[in-house]
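*Asks:* coords below, sequence missing:
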Ligand code: FPP
Ligand code: MG
Ligand code: MG
């Protein structure tokens with residue numbers, strides 16, 4: 001028999017249901033206008049045939065918070081509450097992909113996950129509109145849930161994504177050199193979507209506020225850990241292992257955790273930050289300082305602390321003897337560990 005302490009591949013626990021979600025997503029992005037239909041096809045290559053990381057976490061969270069046992073997996077997948085929680089997974093994925101379409105325009109990115117970016121294929125105008133289109137479809141789906149608290153949670157995410165992106169544009173030295181500013185920006189840009197969508201799963205499930213907060217905390221800490229590891233990988237990875245150019249943050253003048261930790265050991269980093277690593281010499285010096293310092297190690301340590309807090313959030317959920325529930329909680333814990341040990 002399967003023991004909840006045994007490792008189970010988190011993805012395989014919800015693989016069938018992810019397929020259901022993927023099929024529904026496909027029908028949600030169909031458009032009458034051919035050019036938008038093409039963009040939607042791209043969305044499919046990117047969002048659905050991508051990692052499906054967010055939908056996976058949200059479906060696992062749905063089961064992790066279940067209070068009445070399901071009879072069988074098939075019953076569960078088409079249960080009314082479950083359908084509504086799946087909708088959160090779909091909306092979350094649409095918001096995520098919309099933000100990436102806009103991000104690639106802002107960043108002048110040519111590629112995304114190893115394929116050409118939509119802006120590079122069809123131009124900025126269409127990429128922006130395709131992102132708007134996805135947001136519009138996500139809004140309709142969100143409204144159809146008839147739950148204003150959930151609408152509020154996911155609308156807040158949109159505000160946070162934009163706020164985080166604008167905070168990143170700041171060229172105020174006191175902002176750029178500040179760890180708190182950086183963590184706040186990171187929450188807005190990366191962790192808010194996971195935090196608020198996990199909370200929305202709990203709210204739809206009729207969970208008490210305390211449980212909803214644990215769900216939120218899991219998403220928040222997982223998102224922060226994920227981004228910190230990403231920041232470190234930008235310095236330790238290669239274009240080959242990452243599937244995207246290494247040192248890209250530095251190249252864009254963006255200060256991340258490794259630089260902020262290195263700044264504590266090398267005050268000379270300050271002037272490079274202020275110049276936004278403008279010249280090749282600036283960038284080489286910055287990389288030197290990051291590598292000479294404990295910056296990468298400290299970034300990993302901070303990521304590990306957040307991963308542990310994500311685990312703690314799951315461990316704080318009310319006890320539940322159901323094997324299904326325990327397996328999904330275990331999978332969420334494994335994901336927190338995987339996030340900090342990944343190399344791409
Ligand atoms: C990727 O970051 C970008 C984000 C996580 C958020 C982008 C948000 C906006 C563009 C605001 C508009 C929001 C909506 C909802 C349309 P990155 O550039 O650091 O990483 P990556 O390009 O390497 O993935
Ligand atoms: Mg980008
Ligand atoms: Mg960006």
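*Replies:* Perfect, thanks for sending it. Quantities reported herein were computed from a predicted structural model and do not represent experimental measurements. Numbering: from 1, shown residues only. Ligands and ions are numbered 1, 2, ... in the order given.

*Asks:* How about the contacts made by residue 307?
*Replies:* 221, 222, 225, 336, 337, 339, 340 (CB atoms under 8 Å, 6 or more residues apart in numbering). To be clear about C-beta, it is placed using only N, CA and C from the backbone, and glycine gets the same treatment.

*Asks:* what's the most distant pair in these?
*Replies:* 221 and 337 (12.5 Å; CB to CB).

*Asks:* Between the two, which has more neighbouring residues?
*Replies:* residue 221 (25 against 16; other CB atoms under 10 Å).

*Asks:* And for the residue in the chain that ligand 2 sits nearest to, the neighbour number?
*Replies:* Per CB to the ion, residue 107 is where the chain lies closest to ligand 2, at 3.8 Å. Residue 107 has 15 neighbouring residues, counting by other CB under 10 Å.

*Asks:* ditto for residue 121
*Replies:* That count, for residue 121 with other CB under 10 Å as the rule, works out to 14.

*Asks:* so which strand or helix has the residue nearest to it when sequence neighbours are not counted?
*Replies:* Take residue 121 and drop its neighbours on the chain: the residue closest to it by CB to CB, 6 or more residues apart in numbering is residue 42, 7.4 Å away. Here residue 42, judged by DSSP states H and E, is contained in helix 34-43.

*Asks:* Does that helix reach ligand 1?
*Replies:* No. Helix 34-43 lies out of reach of ligand 1 by CB under 6 Å from any ligand atom, never closer than 12.9 Å.

*Asks:* Now the element after the helix or strand containing residue 96, going C-ward?
*Replies:* Per DSSP H and E, residue 96 falls inside helix 80-106. Remark: after helix 80-106, the chain's next helix or strand is strand 111-112, criterion DSSP H and E.

*Asks:* And residue 170, its phi and psi?
*Replies:* The phi/psi pair for residue 170 (degrees, to the nearest 10) reads phi -60, psi 140.

*Asks:* Can you give me the distance of the closest residue to it other than its chain neighbours to residue 275?
*Replies:* Among residues not flanking residue 170 along the chain, residue 176 sits closest, at 6.6 Å (CB to CB, 6+ apart). Using CB to CB, to the nearest Å, we find residue 176 at a distance of 11 Å from residue 275.

*Asks:* Hmm, residue 151 is touching residue 143, no?
*Replies:* Yes. Counting by CB atoms under 8 Å, residue 143 is a contact partner of residue 151 at 6.7 Å.

*Asks:* Of the two, which one has the most company?
*Replies:* Set residue 151 next to residue 143 and count neighbours by other CB under 10 Å: residue 151 wins out with 15 against 12.

*Asks:* Now the more buried one. Nearest residue, chain neighbours left out?
*Replies:* residue 142 (5.5 Å).

*Asks:* Ok, residue 57 next?
*Replies:* According to CB to CB, 6+ apart, the nearest residue to residue 57 is residue 335 (6.5 Å).

*Asks:* ok, that neighbour - contacts?
*Replies:* 10, 56, 57, 60, 222.

*Asks:* where does residue 318 land in three-state SS?
*Replies:* coil (DSSP: H, G, I helix; E, B strand; the rest coil).

*Asks:* what's the average pLDDT for the helix or strand where residue 307 lies?
*Replies:* Using DSSP H and E, residue 307 maps to helix 295-315. The predicted model assigns helix 295-315 a mean pLDDT of 98.

*Asks:* Over to stretch 179-197?
*Replies:* For stretch 179-197, the mean per-residue pLDDT is 98.

*Asks:* ok, it near ligand 3 or not?
*Replies:* No. Contact of stretch 179-197 with ligand 3 (CB under 5 Å from the ion) is absent, the minimum separation being 8.0 Å.

*Asks:* any chance you could read off phi and psi for residue 239?
*Replies:* phi -50, psi -40.

*Asks:* so how far is residue 339 from it?
*Replies:* Distance from residue 239 to residue 339, by CB to CB: 22 Å.

*Asks:* Could you list the contact residues of the stretch 51-200 of the chain toward ligand 2?
*Replies:* Looking at ligand 2, the residues of the stretch 51-200 of the chain close enough under CB under 5 Å from the ion are 103, 107.

*Asks:* ranges for the helices of the stretch 51-200 of the chain?
*Replies:* 53-64, 73-77, 80-106, 118-122, 124-143, 148-169, 173-176, 179-186, 192-204 (DSSP state H, counting those that start in this stretch).

*Asks:* ok, for residue 264, nearest residue in space, not its chain neighbours?
*Replies:* residue 293 (7.8 Å).

*Asks:* quick one, which of residue 176 and residue 275 is more surrounded?
*Replies:* Between residue 176 and residue 275, counted using other CB under 10 Å, the more crowded position is residue 176 (21 against 13).

*Asks:* Could I get the contacting residues of that one?
*Replies:* Counting by CB under 8 Å, 6+ apart, residue 176 has contacts 170, 255, 273, 274.

*Asks:* Return the residues of the protein in contact with ligand 3.
*Replies:* Checking the chain against ligand 3 by CB under 5 Å from the ion, the hits are 103, 107.
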